[in-house]
Structures are given as structure tokens and as C-alpha cells.
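Undergrad: can you look at this prediction? I've put the sequence above it.
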Amino acid sequence: MFPIEIRPDKLSEEMLDYSRKLSQGMQNLLDAGEIDTGVSPKDIVYSDDKLVLYRYQSPPDVERQPVPLLVIYALVNRPYMTDIQEDRSTIKGLLETGQDVYLIDWGYPDEADCALTLDDYINGYIDGCVDYLCQTHGMDKINILGICQGGVFSLMYTALHPEKVRNLVTMVTPVDFHTPGNLLASWVRHIDVDLAVDTIGNMPGEMLNWTFLSLKPFSLAGQKYINMVDLLDDPKKIKNFLRMEKWIFDSPDQAGETFREFAKGFFQNNGFINGGITVGNEPVDLKQITCPVLNIFALQDHLVPPDSSKAMSGLIASNDYTELAFPGGHIGIYVSGKAQKEVTPAIGNWLNEHG
């Protein structure tokens with residue numbers, strides 16, 4: 001073993017540099033101003049209760065494809081993760097490939113929404129958006145991109161309404177909820193969901209968010225703030241850090257009955273694998289999905305293990321099924337530089353090839 005040499009002059013230099021970063025960082029934090037939620041221009045084109053449907057403005061030099069793309073995000077976090085900053089935007093990348101992008105913003109459920117069910121979300125809100133797009137564009141079918149829980153919703157919707165979906169893209173979407181190593185599903189399987197919903201009503205977003213952070217407590221709730229010191233003297237980097245922090249802790253509550261159905265049907269009963277999922281008294285059969293499907297998963301995903309997503313291939317009836325594996329994590333698949341170069345262009349090109 002070699003002794004660790006600590007030179008007083010080197011230690012003093014590092015402490016001075018650390019103090020300088022903290023001092024400059026405090027000013028940069030004060031000067032950060034309002035933290036925006038999405039950077040690409042968009043317009044409200046449709047609404048239903050708290051739901052708002054946005055249409056993104058295409059770049060002036062890009063011709064829109066004729067078939068609109070509806071992006072369906074999860075309920076648990078806000079959808080502006082897909083458009084978090086100029087050089088880290090899934091939405092911007094899709095627009096650059098010519099996609100006519102629409103996105104559902106679910107809003108913030110309150111006590112009046114406690115009784116909303118999966119039927120309300122799937123056959124109500126999503127179907128209303130799809131009908132609006134079909135009528136507006138004069139088409140019978142549209143393209144859908146479902147993300148995480150939104151991908152599960154998209155699978156259910158496509159199985160129930162196959163006549164309205166031309167192409168389906170899913171990103172980090174769980175299908176088999178009982179794969180080995182799925183820590184989140186293991187936790188939820190031991191919760192008395194009925195007691196929780198009957199007692200609390202809507203599930204607090206803050207509680208769900210801290211559950212997700214607890215899956216990787218060191219990196220998600222500790223190490224990143226230590227690493228933040230190295231960003232403090234760069235105003236642009238600190239603003240990007242604050243954007244991500246805002247998104248992480250911007251967690252809407254979950255409508256109680258929808259949470260009950262989803263947690264019991266999927267996390268506990270593994271409904272896509274074992275059957276038993278019904279929406280509006282109609283059974284959901286993934287064999288009804290015959291349209292082309294592009295399934296994208298992240299190899300280092302701690303929330304949706306790759307095997308959970310890959311299980312889709314044996315459950316749907318499509319003869320045109322493609323998988324894309326991304327060497328990153330659940331969030332990196334939207335915001336990493338590698339994802340901007342590989343994942344988003346791949347989605348746009350696949351959709352363009354499929355008309």
C-alpha cells in the first residue's frame with residue numbers, strides 16, 4: 001500500500017476552487033429566472049376536462065407528414081420531459097423528421113377526479129383525442145407513440161380500437177410486470193391497494209415520486225447534488241439541471257380508481273401475461289394488435305427492465321414488429337445526446353417508411 005500524499009498547497013487550491021464555485025453558483029441560481037416547461041412552440045387545439053391536447057409547430061423548412069402522431073405520456077409525471085431543452089428534445093427530433101406531433105397533457109387530477117377509471121382514460125380521453133385528429137385530418141387511422149405507462153395505455157387502446165391506429169410506437173413500456181429484477185413491481189405486489197385508495201382517495205404524486213427515487217437512493221437523491229457543484233459556475237448547465245429537478249418533483253396526483261385498477265391489474269396480477277384486464281367491461285386482448293409496431297426499450301432501465309418490454313413480441317399478432325434497444329436508462333432515452341442522434345431519428349424514419 002502506498003501512502004496517500006495530501007499536499008497542503010493542493011488542498012488549499014481545491015478548497016478555494018470549491019468556495020469560488022459555490023459563490024458563483026449562488027448568483028447563478030438567483031439569476032436562473034423562471035424555469036420553463038418545454039421549449040418547442042405549440043398550440044392548444046383540443047381540451048376535455050383537465051386534458052389539453054397540444055399540436056407542435058413544425059420547423060419552417062420541414063414538410064409535415066400527412067398522418068398525425070399522437071404522443072401519450074404516463075400519468076405519474078409531466079410530459080414536458082419529452083421537450084426538456086433545445087438540444088435534448090424528443091419532440092424537436094420528431095418534428096425534424098416531418099412528424100405532425102400532437103401531445104396529451106393530462107393536467108393535475110384533484111378530488112373531483114377520484115372516481116375516474118381506465119375506461120375514462122382509454123375510451124374517453126384518448127379516444128376523444130384520436131377522433132379529433134381523424135376528423136381534423138380526414139383520416140380513419142393515426143399513428144401513436146406511447147411512453148412508459150402511456151405505452152401501456154396505448155397498447156390497451158390499440159387492442160380495443162385497432163381500426164383507428166395505423167402504426168404504434170412504444171418507448172420503455174412495461175408488458176410483463178413480473179420479470180426478475182423488477183424492484184418496483186416487487187414492492188407494489190405487497191401493498192394493500194384497496195386499503196390505500198379507500199383511505200387516501202387520490203394517490204399523492206409526491207408519495208409516488210419518492211417511491212421511484214427510493215429505487216436508486218444514492219444516485220437519485222444524493223450523488224447528483226454533490227455532482228451539481230461542478231455545474232454551478234456555468235449558468236446554462238445550472239438552468240438545465242434546474243429544469244430536470246423541476247420535472248422530477250412535478251408529480252401530479254393519481255386518480256384513485258385508476259390507480260387501483262392499474263396497480264392491481266398490472267403490478268399485482270400481471271394482466272397482459274395472465275389475462276383479466278378489462279376496460280369498460282371489454283376484455284383487452286393484445287392479439288387484436290395487427291398494425292406495425294416499433295418497440296423501444298432501454299438496456300439500463302431500472303424502472304422497466306428490457307425483458308418486461310420485450311415480452312410484447314409474443315403477445316401481439318402483428319407481422320411487422322421491430323425492436324430497438326437503447327444503451328442507456330429510463331430517462332436517458334429522452335434526454336441523452338446519444339438518444340437524440342439514434343432513438344428519435346429512428347422513430348421518425350420508421351414512421352415515414354410505414355406511410
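TA: Perfect, thanks for sending it. From a predicted model like this one, the values you see are computed outputs, not experimental measurements. Numbers count the residues shown, from 1 in each chain.
Undergrad: may I see the buried residues of stretch 55-69?
TA: 55-56, 58, 65, 67-69 (16 or more other CB atoms under 10 Å). For every residue, glycine as well, the C-beta is placed using N, CA and C.
Undergrad: tell me the mean pLDDT for that stretch?
TA: Over the span of stretch 55-69, the pLDDT mean works out to 95.
Undergrad: that stretch: end-to-end distance?
TA: End-to-end span of stretch 55-69 (CA to CA, to the nearest Å): 10 Å.
Undergrad: please tell me how far it is from the chain's geometric centre.
TA: 22 Å (CA atoms, centre = their mean, to the nearest Å).
Undergrad: how about residues contacting that stretch?
TA: For stretch 55-69, the external contacting residues (CB atoms under 8 Å, 6 or more residues apart in numbering) are 40-43, 45, 91, 94-96, 98-103, 133, 136-137, 139, 141-145, 166-167, 351-352, 355.
Undergrad: now, those that are in helices?
TA: Per DSSP state H, helices hold the following members of the contacts of stretch 55-69: 91, 94-96, 133, 136-137, 351-352.
Undergrad: now those residues in JSON lines, with pLDDT, distance to residue 299 and neighbour count?
TA: Output for these, formatted as JSON lines (pLDDT from 0 to 100; distance: CB to CB, whole Å; neighbours: other CB atoms under 10 Å):
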{"residue": "91", "pLDDT": "96", "distance to residue 299": "23", "neighbour count": "25"}
{"residue": "94", "pLDDT": "97", "distance to residue 299": "22", "neighbour count": "27"}
{"residue": "95", "pLDDT": "97", "distance to residue 299": "27", "neighbour count": "24"}
{"residue": "96", "pLDDT": "96", "distance to residue 299": "25", "neighbour count": "16"}
{"residue": "133", "pLDDT": "98", "distance to residue 299": "33", "neighbour count": "25"}
{"residue": "136", "pLDDT": "97", "distance to residue 299": "38", "neighbour count": "14"}
{"residue": "137", "pLDDT": "97", "distance to residue 299": "36", "neighbour count": "14"}
{"residue": "351", "pLDDT": "98", "distance to residue 299": "23", "neighbour count": "23"}
{"residue": "352", "pLDDT": "97", "distance to residue 299": "26", "neighbour count": "13"}
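Undergrad: what's the closest of those residues to residue 344?
TA: residue 94 (6.0 Å; CB to CB).
Undergrad: so that closest one sits against residue 348, correct?
TA: Yes - with contact defined as CB atoms under 8 Å, residue 94 reaches residue 348; the gap is 5.6 Å.
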